[in-house]
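next come a sequence and a model predicted from it.
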Amino acid sequence: MQKKAVIYIDVEDDITAVIGKIKDAKEKIVALVPPKRTGMLQSAVNLRLLARTAENTDKRIVLITSSHALASLAASAKIPVAKTLQSPPRIADTSEKSNSDDDGSEDIIEGGDLPVGDHAGLKDENEEEIIVPEDLENLNIESDTKPKKPAADDKKKSRVKVPDFGSFRKKIALGGVGVVLLILFFVWANVIAPHATVTISAKTSPVNIKTTLSIGDSLSNDATKNTLASITETDKQKQDISFEATGTKDIGTKASGTVVFNNCQDTSSLTISSGTYISTGGVNYIVQSTVVVPGGTSSVPFGPCTVPGQSAPVQVLAENVGDEYNTSAGSQFTVAGFNSNMTATSSDGISGGEKHKATVVSTEDVQKALDQLKQDNTDDAKKKLQAKFDTGVVLIDDSFIANDGTPKLIPGIGEEVKSGQAKMTVEITYSVIGVSKDSLDSYLDSAIGQQLGGDNSKRIYDTGVSSVEFSNFEVASDKDPATIDIAATGQVGLKIDENQVKDQIEGKLAGEVIDTLRKIDGVSDVNVNLSPFWVQTVPGDQNKITIKFKLITND
């Protein structure tokens with residue numbers, strides 16, 4: 001027997017692909033195994049192309065199928081068919097209609113029952129030779145030739161169903177995954193998921209804490225010293241504001257001019273210093289620079305001064321603004337600090353003095369604008385400071401402070417506001433103090449513990465930290481820390497040990513837990529919540545038991 005090539009046709013293969021596989025086959029006998037349904041082989045033209053390809057490549061092809069329709073088409077192309085790889089090939093008789101040919105029986109091996117795709121183009125691993133009575137090449141196949149009726153044993157063998165191992169492996173894999181998931185769910189449902197929450201209503205009595213604390217960033221939490229560590233946050237903001245000026249002032253220019261000093265007071269020279277006052281008509285002028293006045297002389301020996309010594313001209317400025325400081329040419333002035341023999345004369349007069357009422361920036365205007373600026377930005381500043389604290393910090397509202405720096409004014413204090421509004425730019429530093437909720441809770445716990453006096457039969461159920469009140473905050477000085485009054489009400493009851501409770505209730509039903517715990521002194525009620533819904537008993541693992549206390553206060 002000659003070896004054969006077995007070609008498994010994929011449902012996606014077209015006629016070109018099948019022709020290529022026939023040409024590539026090394027054996028002369030080629031068995032084509034189609035799937036159950038393939039449109040490509042339902043064409044007589046395609047079957048004739050396969051027959052022509054086999055003839056041109058000197059090969060013999062056999063179509064493995066039990067479909068009567070496909071066998072009839074193959075007969076028209078002179079292509080022999082066989083029901084199985086082991087059955088003898090023959091050209092189908094188109095006049096025959098066998099019930100067994102096209103009954104769709106599952107124990108007839110067709111292409112759809114055989115591995116396709118991964119095995120396409122491979123040889124049959126179980127059979128290297130096509131089992132026919134003799135070499136297919138030498139068979140004299142006629143259209144009316146009928147094969148010898150197979151023996152009963154052969155017929156029985158030909159109808160043995162070949163198992164689909166790929167499908168079998170998938171079912172095993174899916175079954176394995178299902179078993180693993182079932183095991184995991186069982187472990188989760190019975191080991192991981194079960195949890196019990198037991199809420200104990202405990203009778204308590206109040207303990208009031210009211211004291212004055214010293215707080216500071218550098219202090220520590222010490223109930224014996226009444227000190228508490230604090231946290232200070234600051235935020236600098238540069239802000240601008242325009243405001244109305246309400247101050248009034250005489251605004252104008254000062255009269256000015258030059259004078260010449262006349263010295264008949266002394267025969268030697270005298271010095272008039274800058275800043276010396278000279279006067280006339282009840283108004284004063286100020287000498288702007290130092291000048292030396294030569295001594296006076298007499299027309300007769302040892303006689304009185306008749307020719308005064310004269311200085312160079314020197315600038316003088318009126319003491320204040322106003323036109324009352326304007327003088328005519330030749331005005332005479334007395335000189336402060338000298339007698340009447342020292343005078344000053346203005347040859348051209350002093351002029352240019354003028355004044356008028358003007359609106360100016362006052363100190364009160366500046367303070368009012370600062371207060372308005374702080375008030376307008378208080379809420380925004382508090383929000384920014386609050387954002388700097390952790391969620392576990394309690395803010396002391398009374399500690400909020402806004403410190404302003406040196407404002408820059410346009411125009412300045414006392415200067416005329418010509419546009420009607422003045423402008424101010426200032427950097428304000430906002431600050432607020434907070435205390436850690438944990439630190440405050442620790443302090444209150446210690447303070448309540450001091451009141452209990454070491455009574456081990458009592459337990460602090462609530463320190464009152466969630467409702468603590470602050471008052472009378474006083475700002476820290478250079479030497480002393482800030483102080484504040486606090487008031488809180490804690491709750492104290494008989495001591496119930498959580499670990500002992502867990503020891504007593506683990507593995508019990510909800511009703512048993514309630515009966516057990518209600519017997520404890522100080523317990524008024526018990527609620528048991530088991531989860532998930534299928535859990536009937538408290539877990540044996542104490543890590544899965546949560547004990548909560550609901551306080552029943554006795555005010």
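That came in fine, so what should we check first?

pLDDT of the strand or helix carrying residue 169, averaged?
Counting by DSSP states H and E, the element that carries residue 169 is helix 165-187. The average pLDDT within helix 165-187 is 85.

dump it to PDB, keeping only the CA atoms.
These are the backbone C-alpha positions of helix 165-187, laid out as PDB (Å, rounded to 0.1, in the frame of the first residue of the first chain):
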ATOM      1  CA  PHE A 165     -10.200  15.400  22.300                       C
ATOM      2  CA  GLY A 166     -10.000  19.200  22.000                       C
ATOM      3  CA  SER A 167     -13.600  19.600  23.200                       C
ATOM      4  CA  PHE A 168     -13.000  17.100  25.900                       C
ATOM      5  CA  ARG A 169      -9.900  19.000  27.200                       C
ATOM      6  CA  LYS A 170     -12.000  22.300  27.200                       C
ATOM      7  CA  LYS A 171     -14.700  20.600  29.300                       C
ATOM      8  CA  ILE A 172     -12.100  19.300  31.700                       C
ATOM      9  CA  ALA A 173     -10.400  22.700  32.000                       C
ATOM     10  CA  LEU A 174     -13.800  24.500  32.600                       C
ATOM     11  CA  GLY A 175     -14.700  21.900  35.100                       C
ATOM     12  CA  GLY A 176     -11.400  22.400  36.900                       C
ATOM     13  CA  VAL A 177     -11.900  26.100  37.000                       C
ATOM     14  CA  GLY A 178     -15.400  25.700  38.300                       C
ATOM     15  CA  VAL A 179     -14.200  23.400  41.100                       C
ATOM     16  CA  VAL A 180     -11.500  25.900  42.100                       C
ATOM     17  CA  LEU A 181     -14.000  28.800  42.100                       C
ATOM     18  CA  LEU A 182     -16.400  26.700  44.200                       C
ATOM     19  CA  ILE A 183     -13.600  26.000  46.700                       C
ATOM     20  CA  LEU A 184     -12.600  29.600  46.800                       C
ATOM     21  CA  PHE A 185     -16.200  30.700  47.400                       C
ATOM     22  CA  PHE A 186     -16.600  28.100  50.100                       C
ATOM     23  CA  VAL A 187     -13.400  29.400  51.900                       C
END
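
which neighbours does whichever helix or strand comes after it have in its sheet, and in what orientation?
Using DSSP H and E, the helix or strand that follows helix 165-187 in sequence is strand 195-216. Take DSSP bridges as the rule and strand 195-216 pairs in its sheet with strand 227-229 (parallel), strand 482-494 (antiparallel), strand 523-531 (antiparallel), strand 545-553 (parallel).

out of those, which gets nearest to residue 249?
strand 482-494 (42.5 Å; CB to CB). (Each C-beta comes from the backbone N, C-alpha and C, glycine too.)

so where's the protein uncertain?
1-2, 37, 94-165, 554-555 (pLDDT under 70).

got the domain ranges for it?
What automatic domain parsing lists as the domains of the chain is 4-162, 232-246+360-388+396-432, 250-356.

of those, which is nearest residue 438?
Using CB to CB as the measure, domain 232-246+360-388+396-432 is the one of those that comes nearest residue 438, at 16.0 Å.

buried residues in stretch 66-76?
66, 67, 68, 70, 71, 72, 73, 74, 75 (16 or more other CB atoms under 10 Å).

wait, residue 235 touches residue 403, no?
No - Residue 235 sits out of contact with residue 403 when judged by CB atoms under 8 Å, with a separation of 11.3 Å.

so what's in contact with these two at the same time?
Shared contacts of residue 235 and residue 403 (CB atoms under 8 Å, 6 or more residues apart in numbering): 429, 430, 431.

which strands and helices sit next to the host helix or strand of the first one?
Under DSSP H and E, the secondary-structure element containing residue 429 is strand 421-436. For strand 421-436, the elements it packs on are strand 227-229, strand 231-244, helix 363-388, strand 393-404, strand 408-410, judged by 3 or more CB pairs under 8 Å, 6 or more residues apart in numbering; DSSP states H and E.

and that strand, which strands flank it?
When pairing is defined by DSSP bridges, strand 421-436 lines up against strand 231-244 (antiparallel), strand 393-404 (antiparallel), strand 408-410 (antiparallel).
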